[in-house]
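A.B. asks: quick one: sequence and predicted model below, then my questions.
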Amino acid sequence: MTDSEWQVGDRFADLSTPWFHLIGEHIQAGDRLLDYWRIEKADSLIVLPIQGDRILLPPPMYRPGFGAETWDFPGGRCLQGSDRPTVAADILRRELGVTPEAIAQLQPLTSTGWAVNSSFSNQVLYSFVAHLQGETAPQVGKSYGIDRAGLAELLDDLICLQCRAVLLEWWHCQAA
């Protein structure tokens with residue numbers, strides 16, 4: 001089926017909240033009429049913090065969608081038009097207590113963001129790697145060695161698919 005065979009029809013639902021915009025639309029897909037739901041929401045930004053030979057995680061946070069505390073990299077929302085390095089530094093301050101002066105290097109992990117769920121949402125994930133100065137004393141919940149065993153343990157602890165994607169992309173870039 002080509003793009004020209006997909007036609008967006010009427011909007012039958014529209015709900016806006018501070019967190020997301022939920023839209024229900026009828027979509028003509030060839031000879032079928034579909035009820036289709038999608039969400040528009042702010043992009044995500046995740047920071048992989050490294051200090052020396054350790055990857056750092058903040059203390060676990062309660063995740064209402066999952067109904068439990070989880071280990072995650074520092075992260076948050078990134079509104080369109082925001083300066084992503086500034087957002088990354090703000091996230092490190094909020095979740096690890098790291099000041100901008102303690103960040104030795106902050107670089108994007110990829111040149112573009114990744115679609116989080118392209119069939120349902122417009123949300124994009126951006127990621128940064130932050131190398132922290134050695135004398136910094138962040139508020140760490142857990143840390144992992146940057147070796148095969150440490151990274152395997154970290155993967156076991158990370159249940160967030162976005163965090164796992166960031167870690168695996170970083171790991172892949174280290175091997176290249």
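C.D. replies: Arrived safely.
A.B. asks: please make it C-alpha for all contacts and neighbour counts, starting now.
C.D. replies: Noted.
A.B. asks: how is the residue lying closest to Leu56 once chain neighbours are set aside assigned, secondary-structure-wise?
C.D. replies: Sequence neighbours aside, Ser143 is the residue nearest to Leu56 in space, at 4.5 Å (criterion: CA to CA, 6 or more residues apart in numbering). Under DSSP: H, G, I helix; E, B strand; the rest coil, Ser143 falls in the strand class.
A.B. asks: neighbours around Ser143, how many?
C.D. replies: Residues contacting Ser143 under the criterion other CA atoms under 10 Å number 17.
A.B. asks: for it, report the pLDDT, please.
C.D. replies: If you check Ser143, the pLDDT there is 94.
A.B. asks: that one touches Gln51, doesn't it?
C.D. replies: No - when contacts are counted by CA atoms under 8 Å, Ser143 is not listed as touching Gln51 (9.4 Å).
A.B. asks: now for Leu79, how many residues are close by?
C.D. replies: So Leu79, with other CA under 10 Å, has 14 neighbours.
A.B. asks: same check on the one 5 residues further on?
C.D. replies: Around Arg84 there are 17 other residues, counting by other CA under 10 Å.
A.B. asks: do you know how far it is from Met61?
C.D. replies: Counting by CA to CA, to the nearest Å, the gap from Arg84 to Met61 is 23 Å.
A.B. asks: kindly report the same for Trp6.
C.D. replies: Distance from Trp6 to Met61, by CA to CA: 41 Å.
A.B. asks: who's more crowded, the two?
C.D. replies: Trp6 (15 against 12).
A.B. asks: all helices of the chain, in order?
C.D. replies: 84-96, 148-157, 161-175 (DSSP state H).
A.B. asks: for this protein, list the residue farthest from the centre, please.
C.D. replies: Asp31 (37.1 Å; CA atoms, centre = their mean).
A.B. asks: export the lengthiest strand in the chain as CSV, just CAs?
C.D. replies: In the chain, assigned by DSSP state E, the strand with the most residues is strand 6-16. What follows is strand 6-16 as a C-alpha-only set of coordinates in CSV (Å, rounded to 0.1, in the frame of the first residue of the first chain):
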residue,chain,number,x,y,z
TRP,A,6,-3.7,6.2,3.2
GLN,A,7,-6.1,9.1,3.8
VAL,A,8,-6.8,10.7,7.2
GLY,A,9,-10.5,11.5,7.6
ASP,A,10,-12.4,13.1,10.4
ARG,A,11,-11.1,13.5,14.0
PHE,A,12,-13.5,11.8,16.4
ALA,A,13,-11.6,12.4,19.6
ASP,A,14,-9.2,15.1,20.9
LEU,A,15,-7.9,15.3,24.5
SER,A,16,-5.2,17.6,25.5
